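Visitor: I need the structure of the sequence given here:
(chains A and B)
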2 protein chains.
Amino acid sequence: MIFAVPVRMAGATNGPAPLPSRVSPLAPTHVPKLPPVEGVRLATAEAGIRYNNRTDVLLALFEKGAAVAGVFTRSKCPSAPVEWCRDKLKSGAARALIVNSGNANAFTGKSGRAATKLTATLAAEAIGCRAGEIFLASTGVIGEPLDATKFAAVMDALVARAAPDPWLDAARAIMTTDTFPKVATATARLGRALVTVNGIAKGAGMIAPDMATMLAFVFTDAPIAPKPLQALLARGVVDTFNAVTVDGDTSTSDTLMAFATGAAAARGAPKISRAGDPRLRPFQKALDTVLASLAEQVARDGEGARKLVEVVVEGAVSKLSARRIALSIANSPLVKTAMAGEDANWGRVVMAVGKAGEPADRDRLSIWFGDIRVAHKGARDPAYDEAEVSAYMKRPEIALRVALGLGRGRDRVLTCDLTKEYVAINGDYRS
Amino acid sequence: MIFAVPVRMAGATNGPAPLPSRVSPLAPTHVPKLPPVEGVRLATAEAGIRYNNRTDVLLALFEKGAAVAGVFTRSKCPSAPVEWCRDKLKSGAARALIVNSGNANAFTGKSGRAATKLTATLAAEAIGCRAGEIFLASTGVIGEPLDATKFAAVMDALVARAAPDPWLDAARAIMTTDTFPKVATATARLGRALVTVNGIAKGAGMIAPDMATMLAFVFTDAPIAPKPLQALLARGVVDTFNAVTVDGDTSTSDTLMAFATGAAAARGAPKISRAGDPRLRPFQKALDTVLASLAEQVARDGEGARKLVEVVVEGAVSKLSARRIALSIANSPLVKTAMAGEDANWGRVVMAVGKAGEPADRDRLSIWFGDIRVAHKGARDPAYDEAEVSAYMKRPEIALRVALGLGRGRDRVLTCDLTKEYVAINGDYRS
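Guide: Just a heads-up that it's a prediction; the model follows:
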């Protein structure tokens, strides 16, 4: 099992960054320092949208503009900012990104559309650009009107203060029920130049209590046109954000956007206009690394999570079939509660394979926890040692593998366990 | 909201039947006394499959045979008894049903198939019929070999003791984590005769901890041939058992079978050989009543359940679309935890509508809890009173209604809340 994030070992106390006291036990031990991305400046502010005494608005300013790409929730009831971004994405050009926490501006009807327009207009005036060049994301309460006039008081200061360095502050400003800020960085060679890919994300459950959403933003100085950037993002999301589930609930606001300033062209990076350009390969790898790290951090911050669970399905008739079976296992409340109970309950895994509706033959099925094969060819593995597997299940990270024995389809999904804390976080908050 | 089962009112203490001490708070107050069904005799015994000091095997004996029909789990990894029954159903003729609790005989490979054959052979010898006339169901642990030789010690006694009356004993013998036995009865006119439909069921979660399955069995003296009986059952299951979900997890062993002895023919009931026979209408209604009651009792006994939740979706483009949206709501962990928290969190309902992937227009969506409209045409209902809806949410039964405003498709699904007790039942049992 290979994870993208350095992990907190049992008993380790040398986490370098000061983290909140109730931080997830699965949080990364090491928070990397993100380098500047040429052409990107960041600022955060307290707009008082819902929270007091914390930042709740982020400006990412692209001095000379940026190519932009995005993938969004498949929800049929998307938030107003998602609809705004989908529309503005057609031009492929961005001058700024504004993200607020505290209010998702979702299911807010006409007033929601008016709020997005006002936010973009305020930002465009402060920056000196068109409203259509402003991209927006909101996360927080659903169904409450967003008072966008609150942004007016902070917009000029945000633009004035924007600086290349405050990446961790940026990640903090967009948190809702997250227990730690999520950042990742990587570099890649593009032609003769070294380019940077930085990413920030928030999310701790597809929806947190009353607080919607997974949001992730990636920034690079690589000179990549909107079309190939969109293709890279669409490809990159498949095995990262689309392969992570906390509770199977999809937000109305899930947003992943990438911004490419192109500033590295001045250092000799070639301008990329085609998705198939072979010079993009190292960049795709760097982008995938950042997306994988951010997505894994979302699973590690799953509400109430005490275990990170990797579900690998192999021997399926196709990758898509393997994905569906892996998600059926990863979203099963009975599998997830068994993980919480440190029980290698492979009977529930069989159940979840069976209910996925994909080709499966009970008599060819094998199941492993870690390297321990617990079931083989349709029955309990005769060599399976209960004590050995019990010891394995006490670990904070569990690798669950299912071999179907039908074909060469393979896929991997990350999830977390389902604990009483999840129910408490999502059920007790009003009591 | 119309339920099929008389309910325990807050503070009521006059439940007539002695029930287990930790019985579900949603259990029916009244347990009907089931009348005999001519041609059916029942007996239970302690075979010691897994439990001590309780019955764990049921024999239903059809003195002169019965027409049989069945619907089974859609799991691609069904249990050995499910495969046995599917195969034997082709003849349409039954002499007996054997059900055991404690072991599901699922994922048991060749030994599982041998165990079903041995069980049927033992029963056939004791009764004096062919093994192919014996129908089987098992519920309990998955993946443990079922020692069918244990049935040998009790089979002759079961046949000897079989009697027309012990319906409640029959329902008790097939319980696993159920907190109350589930029975229902109805009568219908068929031609000039009055016929009886009795049903028993078990299930408390699609899978209970290590214990698989929803099982339900219906018995009637109506003279209905296997083909129309199968059609009636297939139609009846759509809005009853297929419209109930506890955790979205489908067992490897889910089984619903109907047995028609035909004894009422001697009292003048016409022999029915066509599904379309109009004389069947009252019978279908009685059958549906029994199925609806049993299915609702399964939801009322959902693991850890403290609230019964009815989800009605109307104005969808079709009934199927309404069903899919209703199931998306009913299976959403965030909706279910909100119900446990007594929170009218319609934002999560919007999320669940959005993720269902079915046609929905946010700006036409309205949502009610009981008679209180909380959201209207894409935004919070301006008239919605927080105190009124908070009082409503404290009830043990919650009616959640969503109007999509697109078409005439309507459907109804029953579920229960997701509580810390569910996690404890399914996660803590080994600790």
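
Visitor: show me what contacts the residue nearest in space to the middle of chain A?
Guide: In chain A, the residue lying closest to the centroid (Cα atoms, centre = their mean) is A:Ala295, at 3.9 Å. The contact partners of A:Ala295, by Cβ atoms under 8 Å, 6 or more residues apart in numbering or on different chains, come to A:Ala201, A:Ala216, A:Thr240, A:Phe241, A:Ala243, A:Val244, A:Leu414. Heads up, the C-betas are built off the backbone N, CA and C, glycines and all.

Visitor: now A:His376
Guide: A:Ser366.

Visitor: give me the element A:Gly329 is part of.
Guide: Quick fix: residue A:329 reads Ile, not Gly. According to DSSP states H and E, A:Ile329 maps onto helix A:319-330.

Visitor: For chain B, tell me whether the helix or strand following that helix is touching it.
Guide: Counting by DSSP H and E, the next helix or strand C-terminal to helix A:319-330 is helix A:333-340. Yes: Helix A:333-340 comes into contact with chain B (Cβ under 8 Å from any Cβ of the partner chain), by way of A:Pro333, A:Leu334, A:Thr337, A:Ala338, A:Ala340.

Visitor: Buried residues, stretch A:154-172. List them.
Guide: By neighbour count on 16 or more other Cβ atoms under 10 Å in any protein chain shown, the buried set for stretch A:154-172 is A:Val154, A:Met155, A:Leu158, A:Val159, A:Ala162, A:Pro166, A:Trp167, A:Leu168, A:Asp169, A:Ala170, A:Ala171, A:Arg172.

Visitor: so who does A:Ala162 touch?
Guide: The contact partners of A:Ala162, by Cβ under 8 Å, 6+ apart, come to A:Arg41, A:Leu42, A:Ala43, A:Leu59, A:Leu61.

Visitor: Cross-check A:Ser101 against the secondary structure; I expect a strand.
Guide: Yes: with DSSP: H, G, I helix; E, B strand; the rest coil as the criterion, A:Ser101 is part of a strand.

Visitor: I'd guessed it sits against A:Ile174; true?
Guide: Yes: between A:Ser101 and A:Ile174 there is a contact under Cβ atoms under 8 Å: 5.4 Å.

Visitor: which residue of chain A sits farthest from its center?
Guide: Residue distances from the centre of chain A (Cα atoms, centre = their mean) peak at A:Pro382, which lies 40.3 Å from the mean C-alpha position.

Visitor: Please save the CA atoms from stretch A:68-86 in CSV.
Guide: The C-alpha atoms that make up stretch A:68-86 are tabulated as CSV, following Å, rounded to 0.1, in the frame of the first residue of the first chain:
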residue,chain,number,x,y,z
VAL,A,68,-8.0,28.1,-16.3
ALA,A,69,-9.6,24.6,-16.2
GLY,A,70,-12.1,23.1,-13.9
VAL,A,71,-14.1,20.0,-13.0
PHE,A,72,-17.2,20.2,-10.8
THR,A,73,-19.8,18.3,-8.9
ARG,A,74,-22.1,16.0,-10.9
SER,A,75,-24.9,17.1,-8.7
LYS,A,76,-28.1,18.0,-10.5
CYS,A,77,-28.6,20.8,-7.9
PRO,A,78,-25.2,22.6,-8.1
SER,A,79,-24.4,25.8,-6.1
ALA,A,80,-24.5,29.2,-7.7
PRO,A,81,-20.7,29.6,-7.8
VAL,A,82,-20.4,26.2,-9.6
GLU,A,83,-22.9,27.5,-12.3
TRP,A,84,-21.0,30.8,-12.5
CYS,A,85,-17.6,29.0,-13.0
ARG,A,86,-19.0,26.5,-15.6
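
Visitor: coming back round to it: is the residue nearest to the centre of chain A within a helix or a strand, and which one?
Guide: A:Ala295 belongs to helix A:281-300 when assigned by DSSP H and E.

Visitor: Can you say which of the contacts of A:Ala162 are buried?
Guide: Using 16+ other Cβ under 10 Å as the threshold, A:Arg41, A:Leu42, A:Ala43, A:Leu59, A:Leu61 are the buried ones among those.

Visitor: which phi and psi does the first one have?
Guide: Think A:Arg41. Backbone torsions of A:Arg41, given as degrees, to the nearest 10, read phi -130, psi 150.

Visitor: Who is it paired with across the strands?
Guide: Taking DSSP bridges as the rule, A:Arg41 bridges to A:Leu61.

Visitor: for the buried ones among the contacts of A:Ala162, which one is nearest chain B?
Guide: Taking Cβ to the nearest Cβ as the measure, chain B lies nearest A:Leu59 of the buried ones among the contacts of A:Ala162, at 26.7 Å.

Visitor: List the residues that contact the closest one.
Guide: Listed by Cβ under 8 Å, 6+ apart, the contact partners of A:Leu59 are A:Leu42, A:Ala43, A:Thr44, A:Ala45, A:Ala96, A:Leu97, A:Ile98, A:Ala123, A:Met155, A:Leu158, A:Val159, A:Ala162.

Visitor: quick one: low-confidence parts of the stretch 101-250 of chain A?
Guide: Residues of the stretch 101-250 of chain A meeting the criterion pLDDT under 70: A:205-212.

Visitor: try 50
Guide: Low-confidence segments of the stretch 101-250 of chain A (pLDDT under 50): A:207-212.

Visitor: where do the strands sit along it?
Guide: A:134-141, A:182-190, A:193-202, A:207-208, A:211-212, A:215-220 (DSSP state E, counting those that start in this stretch).

Visitor: Including distance to chain B and mean neighbour count, could those strands go into CSV?
Guide: Formatted as CSV, the strands of the stretch 101-250 of chain A follow (distance: least, Cβ to the nearest Cβ, whole Å; neighbours: other Cβ atoms under 10 Å in any protein chain shown):
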stretch, distance to chain B, mean neighbour count
strand A:134-141, 7, 28
strand A:182-190, 21, 22
strand A:193-202, 17, 25
strand A:207-208, 6, 31
strand A:211-212, 7, 30
strand A:215-220, 15, 28
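
Visitor: Can you show me the helices along chain A?
Guide: A:80-88, A:109-127, A:152-161, A:167-173, A:226-238, A:281-300, A:319-330, A:333-340, A:346-355, A:386-393, A:420-427 (DSSP state H).

Visitor: Could you export the ones you listed as CSV, including distance to B:Gly248?
Guide: Formatted as CSV, the helices of chain A follow (distance: least, Cβ to Cβ, whole Å):
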stretch, distance to B:Gly248
helix A:80-88, 26
helix A:109-127, 31
helix A:152-161, 44
helix A:167-173, 33
helix A:226-238, 24
helix A:281-300, 20
helix A:319-330, 10
helix A:333-340, 7
helix A:346-355, 8
helix A:386-393, 24
helix A:420-427, 16
